[in-house]
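S.K.: fold the stuff below for me.
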Amino acid sequence: MNSLPLLDQHHRIHRSMRISVTDVCNIRCQYCMPDGPVQFLPNNQLLSYQQIAQIAAACTELGIEKYRITGGEPLARPNLHELFESLAKIPGIKDVALTTNGMMLKDQVASLVVAGLRRVNISLDTLQEETFQKLSRRSGLGRVLEGIEAALDQPQLSVRLNALVLRDVNLNDVVELVLFAKSRKVTMRFIEFMPLDASRSWTQSRMVSGSELRQLLSDRIGPLTPIASSNPAQPSTDYQFADDSRVGFIDSVTSPFCSRCDRLRLTADGKLRNCLFGKEEWDVKTLFATCNDDPLEFRHQFEKTIRDCVLAKAAAHGIDKAQFQPPERAMYQIGG
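M.R.: Here you go, the predicted model:
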């Protein structure tokens, strides 16, 4: 394979990939999922773990170093630890992380760590069951908290908590969430509400900006000092309180990090995407059939496909433009 980096037309080198293993989720968060019945992908349309590992091996030869496994809810896919075991054997991969809602984490975290998991992001939008049910349209906050504690019991595992704030639902929970994270010596990160919800009900008024949250936390807890990042491509801007505890902000709407984005995405049904908000997809799954199980031919065709994907990447997602239209797929269908 060509040793040249995956460089787009805006001089960004791509070194990370988010891999969705399923669009299935066991909750129905307002900022992501529809309220009514959901038609998930049939199993025969999903990439197998073997296919995902083969794609990751090809990507790693082209300079992708970091992978994050997402969904839907990735732990809803059976035997997820088998994928981590396969990825751990690929030379050149520096990091494989997981994003989860935490509800099924308690029973799986030990096997995932044995398989090679070292970093996990767990969604925690509230500490109140009533608010959890309003936001996720399901019960189960206790299971999330059990999953967090189980993850914290794994000494090899780095844990971060993610929250998305809707002004009319969980804004009053922000301070309590930060104090919860501080008490457990983990970082709480706040993600701005993006126009990727399945019901297309996103509005600027429901979104709470990172700057508003920083002011709220400064007033209620104490001054925040920005921390310089060692990784320019990191989407989160981190701050610390006087006691050195940290809080992060992913201001994707009001302060996008597009100019330093190094990320590609692979959907559960085998489509490459160069942006969460992109309209175009590049089909990888069909290459397994067209290449007749010839690994060299697959690598050749895959390299052409991924380089086409990278070269087509826009300079920015364009949420701030009047002509912006969200992608056809919602967040859970793309991969969080």
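S.K.: and for N231, the neighbour number?
M.R.: Other residues near N231 come to 12 when the count uses other C-beta atoms under 10 Å. In this view, the C-beta of every residue, glycine as well, is placed from N, C-alpha and C.
S.K.: look up how far Y239 lies from it.
M.R.: 16 Å (C-beta to C-beta, to the nearest Å).
S.K.: how about W282?
M.R.: 37 Å.
S.K.: show the model's pLDDT score for D197.
M.R.: On pLDDT, D197 comes in at 77.
S.K.: that one: how many residues sit nearby?
M.R.: Going by other C-beta under 10 Å, the residues that sit close to D197 add up to 20.
S.K.: repeat for P155
M.R.: 6.
S.K.: for the stretch 151-300 of the chain, what spans make up the helices?
M.R.: 174-183, 210-220, 285-290, 295-311 (DSSP state H, counting those that start in this stretch).
S.K.: now these as JSON lines including distance to A198?
M.R.: What follows is these, written out as JSON lines (distance: least, C-beta to C-beta, whole Å):
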{"stretch": "helix 174-183", "distance to A198": "25"}
{"stretch": "helix 210-220", "distance to A198": "24"}
{"stretch": "helix 285-290", "distance to A198": "23"}
{"stretch": "helix 295-311", "distance to A198": "24"}
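S.K.: in TSV, list those along with mean pLDDT and mean neighbour count.
M.R.: Formatted as TSV, the helices of the stretch 151-300 of the chain follow (pLDDT from 0 to 100; neighbours: other C-beta atoms under 10 Å):
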stretch	mean pLDDT	mean neighbour count
helix 174-183	98	18
helix 210-220	98	16
helix 285-290	94	15
helix 295-311	96	17
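S.K.: nearest to Y49, of these?
M.R.: For those, proximity to Y49 was assessed by C-beta to C-beta; helix 285-290 is nearest, at 13.2 Å.
S.K.: helices and strands around the closest one, which ones?
M.R.: helix 295-311 (3 or more C-beta pairs under 8 Å, 6 or more residues apart in numbering; DSSP states H and E).
S.K.: any residues touching the helix it packs on, and which ones?
M.R.: Here helix 295-311 makes contact (C-beta atoms under 8 Å, 6 or more residues apart in numbering) with 1-2, 6-9, 14, 54-55, 58-59, 61-62, 264, 272-274, 282-284, 287-288, 290-291.
S.K.: can you go through the residues you listed and name the buried ones?
M.R.: The neighbour-count test (16 or more other C-beta atoms under 10 Å) marks 6, 8, 14, 54-55, 58-59, 61-62, 264, 272-274, 282, 284, 287-288, 291 as buried among those.
S.K.: so which of the residues you listed sit within strands?
M.R.: With DSSP state E as the criterion, strands contain 264, 272-273, 282 from among the buried ones among the contacts of helix 295-311.
S.K.: tally of neighbours for A228?
M.R.: 6.
S.K.: repeat that for L41.
M.R.: L41 has 15 neighbours, counted by other C-beta under 10 Å.
S.K.: what's the answer for G116, then?
M.R.: Neighbours of G116 under the rule other C-beta under 10 Å: 18.
S.K.: contacting residues around it?
M.R.: 84-85, 87-88, 96.
S.K.: make a markdown table out of those and add neighbour count and pLDDT.
M.R.: Shown next, in a markdown table, are the contacts of G116 (neighbours: other C-beta atoms under 10 Å; pLDDT from 0 to 100):
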| residue | neighbour count | pLDDT |
| --- | --- | --- |
| F84 | 21 | 98 |
| E85 | 17 | 98 |
| L87 | 23 | 98 |
| A88 | 14 | 96 |
| V96 | 23 | 97 |
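S.K.: ok, the residues you listed vs R200, which is closest?
M.R.: So of the contacts of G116, ranked by how close each gets to R200 (C-beta to C-beta), first place is V96, at 32.8 Å.
S.K.: tell me where the model's unsure across the protein.
M.R.: 1-2 (pLDDT under 70).
S.K.: returning to that earlier point: of the contacts of G116, which belong to strands?
M.R.: Using DSSP E, the contacts of G116 in strands are V96.
S.K.: where helices are concerned, which of the contacts of G116 count?
M.R.: 84-85, 87-88 (DSSP state H).
S.K.: most widely separated two among the residues you listed?
M.R.: E85 and L87 (7.5 Å).
S.K.: can you give me the strands in the stretch 51-200 of the chain?
M.R.: 66-70, 95-100, 119-123, 158-164, 187-191 (DSSP state E, counting those that start in this stretch).
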